[in-house]
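Novice: here are the coordinates; sequence isn't available:
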């Protein structure tokens, strides 16, 4: 199977930093920034996507500000003039703590589907990682380069390895489209013959079922959701699975959906991904 390529990351660059995005911004481009907010220097920082190095033309200005309770400013600058600000009155980052930012470029807008504090342990350096792919990537780590697969659709069912297995801060992302007549599909994270995590949207039951199978026996199902069914027949979706020390955190289309506490605790042994059912799969990153 062929693999798509990603631009080599910038490791521990000096700040302020300016770097080239090979090929420019394109639909589906994803850029991940890992770093640490300084606790003693200033009250804001910015990530800019711009033309050239003058700063006069900034397509997207992402500006977390820690004053007044914390908020994020988004804006565009053209010919040296700022447009109207968009303010997000929520601050997901903390001073003195590491963070992960992921920016997804789409034809109509920018999305930061991954804006979150990071687990302090594995983040030892600033990493700026650029990936050209279909929508979905949320996180990358310098230790193990993510494994990526091509666009468009894959043969189903789809099975692949998870390099290094699971560990805190490891993430897996998938994108696809639900078939118009879909009944069910599943995403499994497997450990040998066991299914450590079974994610099973069921359109015939209007439910998203989660479970674990050990020695061919299913455990107790989890079905509760904080909001309505996020998957829709005939529509595209993006799933992000983030491994934490105690649980898996799952987001759909950039919105947190649920947490699933580990039932199999040997995380590195969970090293296989299976996807099947009534979807067209267009992007996988493990």
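Specialist: Yep, it's here. These numbers were taken from a predicted model, which means no experiment stands behind them.
Novice: C-alpha from now on. contacts and neighbour counts both.
Specialist: OK.
Novice: Quick check: phi and psi at residue 269.
Specialist: phi -80, psi -10 (degrees, to the nearest 10).
Novice: I'd say it and residue 165 touch.
Specialist: Yes: under the criterion of CA atoms under 8 Å, residue 269 makes contact with residue 165 at 5.8 Å.
Novice: shaky segments in the stretch 151-286 of the chain?
Specialist: Low-confidence segments of the stretch 151-286 of the chain, defined by pLDDT under 70: 151-153.
Novice: Mind jotting down where the strands sit in it?
Specialist: Along the stretch 151-286 of the chain, counting by DSSP state E, counting those that start in this stretch, strands occupy 158-161, 171-178, 185-191, 194-202, 207-214, 217-218, 236-243, 247-252, 255-261, 272-277, 279-285.
Novice: So which of the ones you listed is nearest residue 47?
Specialist: Proximity to residue 47 (CA to CA) singles out strand 255-261 among these, at 21.5 Å.
Novice: hang on, the earlier thing: would you convert the strands of the stretch 151-286 of the chain into CSV that also reports distance to residue 51?
Specialist: CSV is the format used below for the strands of the stretch 151-286 of the chain (distance: least, CA to CA, whole Å):
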stretch, distance to residue 51
strand 158-161, 38
strand 171-178, 29
strand 185-191, 40
strand 194-202, 41
strand 207-214, 43
strand 217-218, 54
strand 236-243, 29
strand 247-252, 31
strand 255-261, 30
strand 272-277, 39
strand 279-285, 28
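Novice: Make TSV from those and add mean neighbour count and distance to residue 19 to it.
Specialist: Listed next are the strands of the stretch 151-286 of the chain as TSV, based on neighbours: other CA atoms under 10 Å; distance: least, CA to CA, whole Å:
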stretch	mean neighbour count	distance to residue 19
strand 158-161	14	32
strand 171-178	22	25
strand 185-191	21	36
strand 194-202	21	38
strand 207-214	19	41
strand 217-218	12	49
strand 236-243	22	27
strand 247-252	20	30
strand 255-261	17	29
strand 272-277	20	34
strand 279-285	24	24
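Novice: how about those, which one is nearest residue 93?
Specialist: Closest to residue 93 of these, according to CA to CA: strand 255-261, at 15.8 Å.
Novice: tell me what the closest one is packed against?
Specialist: Judged by 3 or more CA pairs under 8 Å, 6 or more residues apart in numbering; DSSP states H and E, strand 255-261 is in contact with strand 247-252.
Novice: The strand it packs on versus strand 194-202: what angle between them?
Specialist: Angular relation of strand 247-252 and strand 194-202 on a 0 to 180 degree scale: 30 degrees, by axes from the mean of the first three to the mean of the last three CA atoms, to 10 degrees.
Novice: Show me what strand 247-252 packs onto, helices and strands only.
Specialist: In this structure, strand 247-252 makes packing contacts with strand 236-243, strand 255-261, judged by 3+ CA pairs under 8 Å, 6+ apart.
Novice: Out of those, flag the one nearest residue 67.
Specialist: strand 255-261 (25.3 Å).
Novice: Next, count neighbours for residue 244.
Specialist: For residue 244, the neighbour count with other CA atoms under 10 Å is 20.
Novice: Quick check, it in contact with residue 168.
Specialist: Yes: under the criterion of CA under 8 Å, residue 244 makes contact with residue 168 at 4.5 Å.
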